[in-house]
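S.K.: take a look and give me a structure for this.
(chains A, B and C)
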Amino acid sequence: MIRMVAQRLLVGVFVMWGAASLIFLIVRAAPGDPATVLLGPDADRTQIEQLRESLGLDRSLGAQYVSYLGDVSRLDFGQSHRLGRPAMDAVLDRLPATIDLTLTATAVAVIVGLTLGMLAGGRPGGALDRVVSACTIALQSFPTFWIGIMLVLVFALGLGLLPSSGVGTPQHLVLPALTLAFPFIAIIARLTRTSVAETMREGYVQTARSKGLGERQVLLGHALRNSLIPVVTVVGVQVGALVGGAVIVENVFAWPGLGSLVVDAVANRDYAVVQGVTLLIAGIVVVLNLIADLLIAQLDPRIRTGAV
Amino acid sequence: MADIAAAPEQLVKAAPPRTRRRLLSRVPHLVVGLYLLVALAGPLLIDYDPVHTSLTDRLLAPGSETSTGATAWFGTDGLGRDVLAQIVYGARTSVLIGASTVAISCLVGVVLGAVAGYFRGGVDAVLARVFDILLAFPAILLAIVIAGAFERSVLLVVVALSATGWITFARVTRGVALTIRERPWVDAARVLGVPGRSILVRHVLPFTAGPIVALATLEFALVVLAEAGLSFLGIGLPASTVSWGQTISNGKEYLEGQWWISTLPGIALSFLIINVGILGDQLTARHRRGRTD
Amino acid sequence: MTKTREYGRSRLVRLAATATAGAALLAACSTTTGGDDADASGASGDVTAAGTYPIESLDPHGAQGASTGTQLAGQQIFSRLVKPDPDGTLKGDLATAWKPNKAVTAWTFTLRDGVTFSDGSPLDADDVVASFQRMISLNGPNAGNFPVSTMKKTSATQVVLSSPAPDASVPGKLGTFYVIPSGVGKDDSAYFNHPVGSGPFTVDAFTPGESLVLVPNKKYAGNKPAPRRVTVRNIPELSARMTALRTGEVDILWGIPDDQLASLKGEKNLTVRTVPSSAEFTMWFNSSTPALKDAKVRKAIWQAVDFKTIIDKLYPETGRAADAPVTGVVLGHVPQPPVAYDAAAAKSALTDAGFDFSKKLRLQFANAEFRPFIQAVVSDLQKIGVKADPLEKEQATFTEDLIALKWDINFQQLATPSYDAASNLGRLYTCEANRNGYCNKQLDALLASAGATADKQKRTDLYGRASAIIWRDAVGMYPMSVSIAYAWNSDLKGFTPDASGLPDFATVGTGGS
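M.R.: A predicted model of the protein is given here:
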């Protein structure tokens, strides 16, 4: 177990180095730089050269890379010249909003997904199963940004029940979280359905049934437990996708999280913020994947005591 | 986009086949075929110039008559451009980008995956690490960073989406290659001194075709969704290229009064994705049945 | 069987407990996001405004110094030597008087007596000089207004700003120069978290990109600000801004697009007004490209676009046909004869001039907001066979390509925040600046002499003659001058919409309720 953790940590460090280098390469290869953005179209050549020099952008790419890696390893993502403060401050300011959104969406997706999956898997091939299947296909296929707009059209503009965008009250969270949760509801429902349907065919379930246990007890006692492993795995694996989805959903609902920050930062060549956001997200993904792996090992004795 | 990481294994296992569903199961083929037809031939039937604006016809409701006497069945947008025509031309952009991205991803992924799975060793180890690094970023995030950083073009969008698109292909191919290399006939060929490259081409790659076709179908849906997402954010495609995401995004401003601009292209997009998704599931189920039989 | 199940259950419970704890922890971390919406905006004396752009930084000398958000904050918190009135005329702020030397190379400013910062310390000439030096050394966008200028203290109440070349627009350009206490360093977050200034307000709370809460500065030398508290909020989504105004959550809103303005006009408790600004749609031709070298070609392209219809349809409220390269609120504005739309004449003029219709013109612009306008222009050009490619670029590449002249037509919404043609015409149209490939010695001479005299009438006359050349030779197309649309709660008294989109909140009083 400890060896597994150590090994995974080592891979994690390597992945972070690779991610940091990849992002560095992409943003530096892009045409234009912070100096031109900061000074705007009114600037002239000499002014831009001067600013470039004082921002350290005139140094060789190698030198910039070395000092960047050094800084990043100390968790220093540098100064955002555009915002006039450390990039990490700006990123951490926005992080809680993204966490609110993704956690709520995950909770919604797990609860709704498990329920739908169990309803469908309890009687495979039944009418309910078919309805749920159709729903999941649709939920997974809708473009998140469009379904978000449609929700605004109906619930904010049409019925006037919920605010269309922004933050403040819990009501503000409803539409974005729901929009973000939709594809994940589908994924979790499908997984649960398969797993429940399989469990229902297992010998011990048949035994439990023959012992006179009610359908509901069988479902909750056996089927739900067995389907938790794949659900935990998928939540772990999907964290990246969830955060990716949040980037777009945040832009639809003007949610002040990392998503809107990173889109702005890329357009404005705010190197420090782009690097800060992407590396933070990569770090979260790496750590959560590690945790999911450990959880699965905990949940499934075969993995825990087996090969590892 | 959000479901990019959804591996095909997680997608619906087809319900037990029933004869009376046969016909019904052909529907996705038909629908997808229709979209392809529209993408290819639609522009010949509907004359639309994305550059041409008709300011007197702006924001017409669906079914209104335009100043030229034509009928705008799906209404017009803020510049008086026909929404139906934008959907037809948007289909072309989506299909073009989807097909190119899947082709590139497939080519790169299959070659690297097969080589890594068959030869193992250094290539395999390096590839595994590259996967790790690329998978640390949500696919759409990497696409946003790449597409946002360079000069707008269709090619840029294809590159940005292929950057992570090839991974699934490589993984699946690698898996297949790993199992095939242990089969007796491959061993025999090796013993006979057939060079690795020809074994790969003749004995390994054909086995990947089934899963790859299924995967490519599902990947196509994801790429089309991701492209629309990028265009919605205003990233990647030049202003002169018509795209569903862009039309939906333009319409957001007019949501209160002119719902059709955002709604209709979104329905067209969702309908395509739903059918491509079902088609992909069917293909996945078919090749899986084929394997277990 | 039972045993395994129990074992499994206890593990599940543990798992659930950890998850809950984790969620609670994360939730605890994130409670800071919820803005306190509880403040009763109806309470007398509280004013809430939603600006057009976020306030990211309060440092008026830094990289954000020229941004709308930082300017808006700066003028509430800090003082300037001079400041423009809502209509653009210059007034003294810290300075009581200013005058140039004969050659207009040195400007002497006499400072007001007895001004103090909000912490009670006196504001003197040293602070003014230190602030100027800080602005120059930070190399921010505002430093570019004073390339080789120096400021010196000549007495306790006098500073002199000198530059090698004559510059009559110095006072106008100082409208973006804010005075802070000496000794504040670069990126001094300790200071800018609670800035000490001499403006009408002080900072009560500031969340970058989200909100700025201001309360009256008790040490302010001028009239005591009317509101008890001013909150400037950033609401990025247009529809949310509009809703907030309707529900009374926000009292003042500006920068409202035309398509949305109509719906606000119907609301009876809202006052809606548009104010002409210094911003003008400016579409330079690259006169150094062979295809556009000929002034006749440039003029013909201008004639080929039906700008009147485009403005009527897309900007019925906030757009007006421009009549000079600078707008009516700018010093140096002299009306020129209108360029009438005539596609047929344009077509034949282009053919006569041997224009190559097969060549695609690169039309670059930088902001999605202008995409409809650009597309309408491209559409009109196409009608007479002129091909133009609308190239939407990110700000970074836009500026780079703009300076490198990598375009054929360049679109900008060009503002003149100094309200002085010197910083627009005088700076951008000379041969040396080479901003649009156009070079005319006669124009250079006119611009130079306009910059070298302090007499307003003379300067207007000279800029008028310069404008006539620019207009006649079609250095660019000048389709539209921009107005800023404001809407505010009719209960508010004393609110004056500002031509720069930077309203002053000190005079705003909340009404009877």
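S.K.: what pLDDT does the most centrally placed residue in chain B get?
M.R.: Nearest to the mean C-alpha position of chain B, by C-alpha atoms, centre = their mean, lies B:Phe220 at 2.0 Å. With respect to pLDDT, B:Phe220 scores 93.
S.K.: ok, now which ones touch it?
M.R.: B:98-99, B:102, B:276, B:280 (C-beta atoms under 8 Å, 6 or more residues apart in numbering or on different chains). Any C-beta I mention is one placed from the backbone N, CA and C, and that applies to glycine too.
S.K.: from chain A, how far out is it?
M.R.: Here the criterion is C-beta to the nearest C-beta, to the nearest Å. By it, B:Phe220 lies 12 Å from chain A.
S.K.: next secondary structure element downstream of the helix or strand where that residue lies?
M.R.: Assigned by DSSP states H and E, B:Phe220 falls within helix B:205-232. Heading C-terminal from helix B:205-232, the first helix or strand you meet, by DSSP H and E, is helix B:244-252.
S.K.: need the residues that contact that following helix.
M.R.: Contacts for helix B:244-252 (C-beta under 8 Å, 6+ apart): A:143, A:145-146, A:149, B:77-78, B:83, B:86-87, B:90-91, B:93-94, B:227-234, B:237, B:258-263, B:265-266, B:268-269.
S.K.: skip the chain neighbours and tell me the closest residue to whichever residue of the stretch 101-250 of chain B sits closest to chain A.
M.R.: Across the stretch 101-250 of chain B, no residue is closer to chain A than B:Pro138, which sits at 2.8 Å (C-beta to the nearest C-beta). The spatially closest residue to B:Pro138, leaving aside those adjacent along the chain, is A:Gly244, at 2.8 Å (C-beta to C-beta, 6 or more residues apart in numbering or on different chains).
S.K.: which element is the one you found on?
M.R.: helix A:224-253.
S.K.: who in the stretch 101-250 of chain B is up against chain A?
M.R.: Within the stretch 101-250 of chain B, the positions lying close to chain A (C-beta under 8 Å from any C-beta of the partner chain) are B:129-130, B:132-141, B:144-146, B:148-151, B:221, B:225, B:228-229, B:232-233, B:235, B:245, B:248-249.
S.K.: from the residues you listed, keep the buried residues only.
M.R.: B:130, B:132-141, B:144-146, B:148-150, B:221, B:225, B:228-229, B:232-233, B:235, B:245, B:248-249 (16 or more other C-beta atoms under 10 Å in any protein chain shown).
S.K.: and the residue in the stretch 401-513 of chain C that chain A sits nearest to, which of the three is it?
M.R.: Of all residues in the stretch 401-513 of chain C, C:Leu402 sits closest to chain A, at 5.5 Å by C-beta to the nearest C-beta. Taking DSSP: H, G, I helix; E, B strand; the rest coil as the rule, one finds C:Leu402 in the helix state.
S.K.: now it: closest residue in space that isn't a chain neighbour?
M.R.: A:Pro41 (5.5 Å).
S.K.: just for chain C, where's the confidence low?
M.R.: Chain C contains residues with pLDDT under 70 at C:1-44, C:511-513.
S.K.: tell me the contacts of the residue most central in space within chain C?
M.R.: Centroid check for chain C by C-alpha atoms, centre = their mean gives C:Thr68 as the closest residue, at 4.9 Å. C:Thr68 makes contact with C:51-53, C:501-502, according to C-beta under 8 Å, 6+ apart.
S.K.: before we move on, back to that, quick one: the residue nearest to B:Pro138 and B:Val145 touch, right?
M.R.: No - counting by C-beta atoms under 8 Å, A:Gly244 does not reach B:Val145; the two are 11.5 Å apart.
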